[in-house]
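*Asks:* Make a model of this:
(2 chains)
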Amino acid sequence: MRPVYAVSGGVSKFAKARPDKTFQAVIKEAYEYAIQDIDLDFPTFTRLVDGSVASYFSDHFTRQLMAGIMAQDYLGLCPKPGHRVEGGGATGGLCFQEAWKSVASGHMDICLAYGFETMSHVETWKGNEFIALASDVSFDYPVGGFYSGYYAMMVTRHMKEYGTTVEQMAHVSVKNHINAYHNPYAQKRNRYTIEDVRSSPMVAWPLTRLDICVMSDGAAATIFVSEDGLKQLEDAGAQIPRPLVKVTGIGRGTDAMRMADRPHVEYDFFMENYATEQEKASDDTKKYYKKLWDGGTRYPGVHSFRAGRAAGNMAYQHAGIDDPIEELDFIELHDAYTSSEIQTYEDLGLCRYGEGGAMAVSGEVHMPGVDYGHKLPKKPICPVNPSGGLIACGHPVGATGLMQGVFAIWQLQGTIEKHFADKTLQVQDAKRGAIHSHAGTGTYVTYSILESEE
Amino acid sequence: MSKIPTKREETLGGFIVHNIPFPKETDPDALAFLKRMAPIQIEQPYQITYLHSYAQDSPWFAGLTNKRLLANQDPVDGYTYANPRGHDMYSGAETEWIDITDRAAKVHAFTVCHFGSEEFLPETPFILALIEFEGVDTLLLTRLTGMDPDEASLDWIDMRVEPRFLRNSKLKPTDVYFVPAE
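*Replies:* Numbering: from 1, shown residues only, chains lettered A, B, ... in the order given. I've put the predicted structure just below:
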């Protein structure tokens, strides 16, 4: 595979509704931002780009099949190659990786990834119904299909087995909302307290409205290039910021659509097949896990995302990462629910299974220099969702994973202040970051590592 | 305590409009002004009836109508699925039907849905639960009744439960539901 650089990106404003523009025109906002940010004009970039990958989750929301080609022609990319990818909440992450693949494989030198979702065309509870159709329509949906309910069930099991608390989950909401206060792209920029989170309306016990991301309209775009593609853009006058941002790790995993069908593996099987290299190397951790299994832990069961663990292990191996929390400077992580952020700390090996709740209140995943309204016992090590994540930025599904990619590019370029008009969320000296995209109840998970080149 | 809502729920529906404001003359100034026009939004109703086949899983639904809860089992190693599954995910072998109606069962995980998808909103609050059965390797998603939705507690996990069946089958997975065991 050839080296691939993510050289630019753009994000439209995420909003509850964007009736002012068609989805194609919203995509163009993000696309033009990405082009203009490297000082190219529309005709020049359109001439140079080799093709695209389109990302959107649901045909139901737009009531439009083949929306991707409508975007492709609106952006003036016909007759260049393009295709649509879809994988639930991970659609944007899959798109990011497919565009990477187009360049890494040598098929393209310059590839555009763009994604969108327009979720405002139906009422909220109908939107929830559409999303719930991403569960088995014979056995799961008819019982009371509701994704917040599915995630709430998962976390009750996490709470029972590991002692995770609702207050720990509320800390995630407070962290991400307060981070987003400094992000002008975020849909929700509010300073909440733990009490606010717990006293907001109960949606699915124990998850309240502020534990859950909102529906959004929005788009995002990212430009990937090979070394030859980089030269082509620069020869045409592009001003590509240094350091360059290189994609150095790609991981993906899957799991059964019906979470009820997921296995409960034995300790030895877990250690051999799912433990991180760091966990395998630690006698203390092996003892810790043995104790968990002796106490009845069911892995992955419904409380852990095996797909996330598989994606993490694959990406870390690709990027040569042994100790993720120490070797990553930030992670943009798929926090559709506060509970899933905690579960994902564990899947990605930032801590051991069962320790995610404690990590959420430790301060290790918070941004330095931001006032969260309460004292945190430890110093930040690896900020998670410095942008505010899905909970605060919004979750226009097909755009979300690419939005994470754009924010990661800006972090690694050191250009957050330029794009946010606020330097608070710039992770100082960020050299390596990761983006994590997650579908369904953990059915598809993508994890990509980006690094700034010395 | 939850806060009392201060915002009314938004709904679709409204008046039919027979005229949209538009310049009387399409002179350059008027045409340029059109870029400042607010978007027109219309309602597009969409309804469809699917003929959905339960296919090889049909016996499971037939079982529910006859007050029996079936499961699928791998004929080689006995791996057992609470949800119907025509082929085992490990051996690839075609599974057999077994009857688990009288197996000991308990709550593995649960939630109380105070909101829901549009179709289920009128039924809120309702309890969703994942049930584990003795000798069965996977779980079953179902409704749990007989518990107070306002008294949700982690103590409900591991509670012994037993199946009940609708007398008037709807040929849906909700033809079976669970209640605390007597």
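
*Asks:* anything in stretch A:201-212 near chain B?
*Replies:* Yes - applying Cβ under 8 Å from any Cβ of the partner chain, one finds stretch A:201-212 touching chain B at A:Pro201, A:Met202, A:Val203, A:Ala204, A:Trp205, A:Pro206, A:Leu207, A:Thr208. C-beta here means a position set from N, CA and C on the backbone, and glycine is covered the same way.

*Asks:* Give me the three-state assignment for the third one.
*Replies:* Under the three-state scheme (DSSP: H, G, I helix; E, B strand; the rest coil), the conformation of A:Val203 reads as strand.

*Asks:* What score does B:Ser2 have for pLDDT?
*Replies:* Looking at B:Ser2, its pLDDT reads 56.

*Asks:* Could you do the one 10 residues further on as well?
*Replies:* The predicted structure scores B:Leu12 at 80 on the pLDDT scale.

*Asks:* pretty sure it belongs to a strand, no?
*Replies:* No - the assignment for B:Leu12 is coil, going by three-state DSSP, so no strand is present there.

*Asks:* if I read this right, it contacts A:Thr124, doesn't it?
*Replies:* No - using Cβ atoms under 8 Å, B:Leu12 makes no contact with A:Thr124, being 11.3 Å away.

*Asks:* more neighbours, those two?
*Replies:* For B:Leu12 and A:Thr124, the more surrounded residue by other Cβ atoms under 10 Å in any protein chain shown is A:Thr124, and the numbers stand at 17 against 10.

*Asks:* And the pLDDT at that one?
*Replies:* 88.

*Asks:* need the residues of the stretch 151-300 of chain A near chain B, please.
*Replies:* Counting by Cβ under 8 Å from any Cβ, the stretch 151-300 of chain A sits next to chain B at A:152-154, A:156-157, A:159-160, A:199-208, A:256, A:258-264.

*Asks:* re earlier: which two in the residues of stretch A:201-212 next to chain B are spaced the farthest apart?
*Replies:* A:Pro201 and A:Pro206 (12.6 Å; Cβ to Cβ).

*Asks:* out of those two, which sits in the busier spot?
*Replies:* Between A:Pro201 and A:Pro206, A:Pro206 has the larger neighbour count (other Cβ under 10 Å), namely 22 against 13.

*Asks:* Now that one: closest residue in space, sequence neighbours ignored.
*Replies:* A:Val166 (4.9 Å; Cβ to Cβ, 6 or more residues apart in numbering or on different chains).

*Asks:* One more: A:Asn179?
*Replies:* Nearest to A:Asn179 is A:Gly388, by Cβ to Cβ, 6+ apart, at 4.6 Å.

*Asks:* My read is that the one you found contacts A:Asn190, right?
*Replies:* No - using Cβ under 8 Å, A:Gly388 is not in contact with A:Asn190, being 10.1 Å away.

*Asks:* where do the contact lists of the two overlap?
*Replies:* A:His177, A:Ala180, A:Tyr181 (Cβ atoms under 8 Å, 6 or more residues apart in numbering or on different chains).

*Asks:* which among those gets closest to A:Leu244?
*Replies:* A:Ala180 (27.7 Å).

*Asks:* I'd like to know how far that closest one sits from chain B.
*Replies:* Distance, A:Ala180 to chain B, by Cβ to the nearest Cβ, to the nearest Å: 21 Å.

*Asks:* Quick check: that residue vs A:Ala221, distance?
*Replies:* 21 Å (Cβ to Cβ, to the nearest Å).

*Asks:* Look at those two and report which has more neighbours.
*Replies:* Using other Cβ under 10 Å, the more surrounded residue of A:Ala180 and A:Ala221 is A:Ala221, with 32 against 26.

*Asks:* May I ask which helix or strand encompasses that one?
*Replies:* strand A:217-225 (DSSP states H and E).

*Asks:* that older thread, so for A:Gly388 and A:Asn190, which sits in the more crowded spot?
*Replies:* A:Gly388 (27 against 13).

*Asks:* With adjacent residues omitted, what lies nearest to A:Leu376?
*Replies:* Counting by Cβ to Cβ, 6+ apart, the residue nearest A:Leu376 is A:Gly363, at 3.0 Å.

*Asks:* I'd like to know how far the one you found sits from chain B.
*Replies:* For A:Gly363, the distance to chain B - Cβ to the nearest Cβ - is 27 Å.

*Asks:* What's the local residue count around that residue?
*Replies:* 20.

*Asks:* One more: A:Glu272?
*Replies:* 11.

*Asks:* got the contact list for it?
*Replies:* Applying Cβ under 8 Å, 6+ apart, no residues contact A:Glu272.

*Asks:* in terms of contact, does A:Pro368 touch A:Pro380 like I think?
*Replies:* Yes - in terms of Cβ under 8 Å, A:Pro368 counts as a neighbour of A:Pro380; the distance is 4.7 Å.

*Asks:* When those two are compared, which one has more neighbours?
*Replies:* A:Pro380 (19 against 13).

*Asks:* Identify the residues contacting the more buried one.
*Replies:* So A:Pro380 contacts A:Gly363, A:Glu364, A:Val365, A:His366, A:Met367, A:Pro368 (Cβ under 8 Å, 6+ apart).

*Asks:* Not counting its neighbours along the chain, what's nearest A:Cys78?
*Replies:* In space, A:Cys78 is closest to A:Gln72, 5.9 Å off (Cβ to Cβ, 6+ apart).

*Asks:* so what secondary structure elements neighbour the host helix or strand of that neighbour?
*Replies:* Element membership of A:Gln72 [criterion: DSSP H and E] is helix A:67-74. In terms of contacts (3 or more Cβ pairs under 8 Å, 6 or more residues apart in numbering or on different chains; DSSP states H and E), helix A:67-74 is packed against helix A:23-36, strand A:51-55, strand A:82-85.

*Asks:* Residues contacting whatever helix or strand comes next after the longest one, please?
*Replies:* Translated: helix A:23-36. Downstream of helix A:23-36, the next assigned helix or strand under DSSP H and E is helix A:42-48. Helix A:42-48 has contacts (Cβ under 8 Å, 6+ apart) with A:Glu32, A:Ile35, A:Leu75, A:Gly76, A:Leu77, A:Ile110, A:Gln232, A:Leu233, A:Ala236, A:Gly237.

*Asks:* Work out the gap between helix A:42-48 and the centre of the chain.
*Replies:* 29 Å (Cα atoms, centre = their mean, to the nearest Å).

*Asks:* which of the residues in that helix are buried?
*Replies:* Residues of helix A:42-48 classed as buried: A:Phe45, A:Thr46, A:Leu48 (neighbour count, 16 or more other Cβ atoms under 10 Å in any protein chain shown).

*Asks:* How about stretch A:127-144?
*Replies:* A:127-132, A:134-136, A:138-144.

*Asks:* Do a quick rundown of the helices in chain B.
*Replies:* B:28-33, B:58-65 (DSSP state H).
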